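[1] The following comprises the amino acid sequence and a computationally predicted model.
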Amino acid sequence: MTANTVEFGLDTFGDVTHDESGKPDSHAQVIRNVIEEGVLADQLGIDFFGIGEHHREDFAVSSPETVLAAIASRTSHIHLGSAVTVLSSDDPIRVFQRFSSLDAASNGRAEVILGRGSFTESFPLFGFELSQYEKLFEEKLDLFAALLTNEPVTWKGSIRPPLDKQRVFPTIEKDHLKTWIGVGGSPASVVRAAQYNLPLMLAIIGGSPYRFQPYIDLYHKAFAQLGGTTQPIGIHSPGYIADTDDQAREELWPCYKVMRDRIGRERGWPPVTQNEFEDEIEHGSLYVGSPETVAAKLTPVIKTLGINRFQLKYSTGTLSHQKLMRCIELYGREVIPAVRAGLA
């Protein structure tokens, strides 16, 4: 891992934003804004732009591939992918076809991050039982891994009819479809990524990032036992960048609290306090502040954990499109160069 080999990305879930007057944007406007944000990221030379899949009122994007295709038509260099694709409640063949189509449209810039997702709305929506949570992901990942060979697939499982030398189109034109396994904290998922020889994306959304060192060590150990070469490791964490530390905290806090408390009510969490918010900025996995502050916090994390990619989840709740565009600009123009200099 060197300063020039580390990649820097951005992630968004298409949070339903408010405009500068405080009025909620429509889902359609949020999607148009996300496209503009992706175009700006490309102009700034950022390596990756990811969009998460959700099926609920507070997030606008349920079909990341469609939005990514629109971004692909207006960009030239940036890699485009999901963050994440909820494979458990989708069909692996259709997922592969959508991303192989995106790969063709973008001239080889498509990626997919496969995971269970932190929300479960897609299960009842598409007719899947939560009681099959583990089995669905395990079998569908097994099938998806078989599709990555670009060869006829013979596969048998318990969740769908078997395949016998079945071709799946379109095939990948160059090399292969870059496929990551998104992991939120399951050792079994870390080992599974190694077993399928796939890169690992750790969702570090709370607490010290350094507590994930054992998962990275486990990933390396699994590859050593399997006799393979470790694949890239990335982390995804939330944050927000403004011109000053005080501005970043003041702008983010009310939006962060609304989002965190809304999700917390669904999951039985108590309301978040401002002290908890500040502590997460100081000691946890929330990268908030001026470009200098964020770069100073991020550099040792990348260096210590030895990761190959960092993806900043830059959208939080109702933060306006204008503020998000400024955040992206500061990330691309100031944070990334400062981190690269620190790593060098």
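    Structure received. Numbers count the residues shown, from 1 in each chain.

[2] tell me the contacts of the residue nearest the centre of the chain?
    Centroid check for the chain by CA atoms, centre = their mean gives Ala83 as the closest residue, at 3.0 Å. Listed by CB atoms under 8 Å, 6 or more residues apart in numbering, the contact set of Ala83 reads 11-13, 50-52, 64, 113, 182, 236, 311, 313. All C-beta spots, glycine's among them, are computed from the backbone N, C-alpha and C.

[3] Look up how far Gly52 lies from it.
    Using CB to CB, to the nearest Å, Ala83 is found at 5 Å from Gly52.

[4] give me the low-pLDDT residue ranges for the stretch 1-150 of the chain?
    1-3 (pLDDT under 70).

[5] Output the contacting helices and strands for the longest strand along the chain.
    Longest strand in the chain, counting residues (DSSP state E): strand 233-241. Contact partners of strand 233-241 among helices and strands, from 3 or more CB pairs under 8 Å, 6 or more residues apart in numbering; DSSP states H and E: strand 7-12, strand 200-203, helix 245-267, strand 287-289, helix 291-305, strand 309-313, helix 321-330.

[6] can you pull the buried residues of stretch 47-67?
    Within stretch 47-67, the residues that count as buried by 16 or more other CB atoms under 10 Å are 47-55, 58-62, 64-65, 67.

[7] if I look at the residue nearest to the centre of the chain, how far off is Val272?
    For Ala83, the distance to Val272 - CB to CB - is 23 Å.

[8] ok, and what's touching stretch 182-199?
    Contacts to stretch 182-199, defined as CB under 8 Å, 6+ apart, come from residues 83-84, 113-116, 118, 138, 141, 145, 178-181, 200-203, 205, 212, 215, 218-219, 222-223, 226, 228, 230-234, 236, 308.

[9] Would you map the helices across this structure?
    27-43, 64-72, 92-105, 122-125, 133-147, 187-195, 213-226, 245-267, 274-283, 291-305, 321-330, 336-343 (DSSP state H).

[10] now the angle from the third one to helix 133-147?
    Between helix 92-105 and helix 133-147, the angle formed by their directions is 50 degrees, by axes from the mean of the first three to the mean of the last three CA atoms, to 10 degrees.

[11] Run the chain-centre distance for helix 92-105.
    Centroid separation for helix 92-105 versus its chain: 17 Å, with CA atoms, centre = their mean, to the nearest Å.

[12] just checking, what packs against it?
    Using 3+ CB pairs under 8 Å, 6+ apart, helix 92-105 sits against helix 64-72, strand 110-115, helix 133-147.

[13] Please render these as JSON lines that adds distance to Ile78 to the earlier fields.
    Shown next, in JSON lines, are the helices and strands packed on helix 92-105 (distance: least, CB to CB, whole Å):
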{"stretch": "helix 64-72", "distance to Ile78": "8"}
{"stretch": "strand 110-115", "distance to Ile78": "11"}
{"stretch": "helix 133-147", "distance to Ile78": "24"}
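
[14] for these, which one ends up most surrounded?
    Highest mean neighbour count among the helices and strands packed on helix 92-105 (mean count of other CB atoms under 10 Å): strand 110-115, with a mean of 26.

[15] Mind listing the strands it pairs with, and their directions?
    Paired neighbours of strand 110-115 in the sheet (DSSP bridges): strand 79-82 (parallel), strand 85-86 (parallel), strand 178-183 (parallel).

[16] Any chance of those strands in JSON lines with distance to Tyr240 and mean neighbour count as columns?
    Formatted as JSON lines, the strands paired with strand 110-115 follow (distance: least, CB to CB, whole Å; neighbours: other CB atoms under 10 Å):
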{"stretch": "strand 79-82", "distance to Tyr240": "22", "mean neighbour count": "26"}
{"stretch": "strand 85-86", "distance to Tyr240": "25", "mean neighbour count": "27"}
{"stretch": "strand 178-183", "distance to Tyr240": "22", "mean neighbour count": "26"}
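
[17] With distance to Ile93 added, can I get those strands in CSV?
    Below are the strands paired with strand 110-115 laid out as CSV (distance: least, CB to CB, whole Å):
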stretch, distance to Ile93
strand 79-82, 16
strand 85-86, 13
strand 178-183, 14
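
[18] Ok, which of those strands comes nearest Val6?
    With CB to CB as the criterion, Val6 lies closest to strand 79-82 of the strands paired with strand 110-115, at 14.1 Å.

[19] And for that closest one, what's in contact with it?
    Residues contacting strand 79-82 (CB under 8 Å, 6+ apart): 9, 38, 47-53, 64-65, 68, 71-72, 99, 102, 106, 109-113, 178, 180.

[20] Quick check: chain neighbours aside, which residue is closest to Gln213?
    Spatial nearest neighbour of Gln213, excluding adjacent residues (CB to CB, 6 or more residues apart in numbering): Leu305 at 6.3 Å.

[21] what sits against that neighbour?
    Contacts of Leu305 (CB under 8 Å, 6+ apart): 209-210, 212-213, 216, 233, 235.

[22] Among the residues you listed, find me the one that's closest to Asn150.
    Ile233 (24.8 Å).

[23] now the longest strand of the chain: how far from the chain's centre is it?
    9 Å.

[24] so how far is Gln29 from Ala72?
    21 Å.
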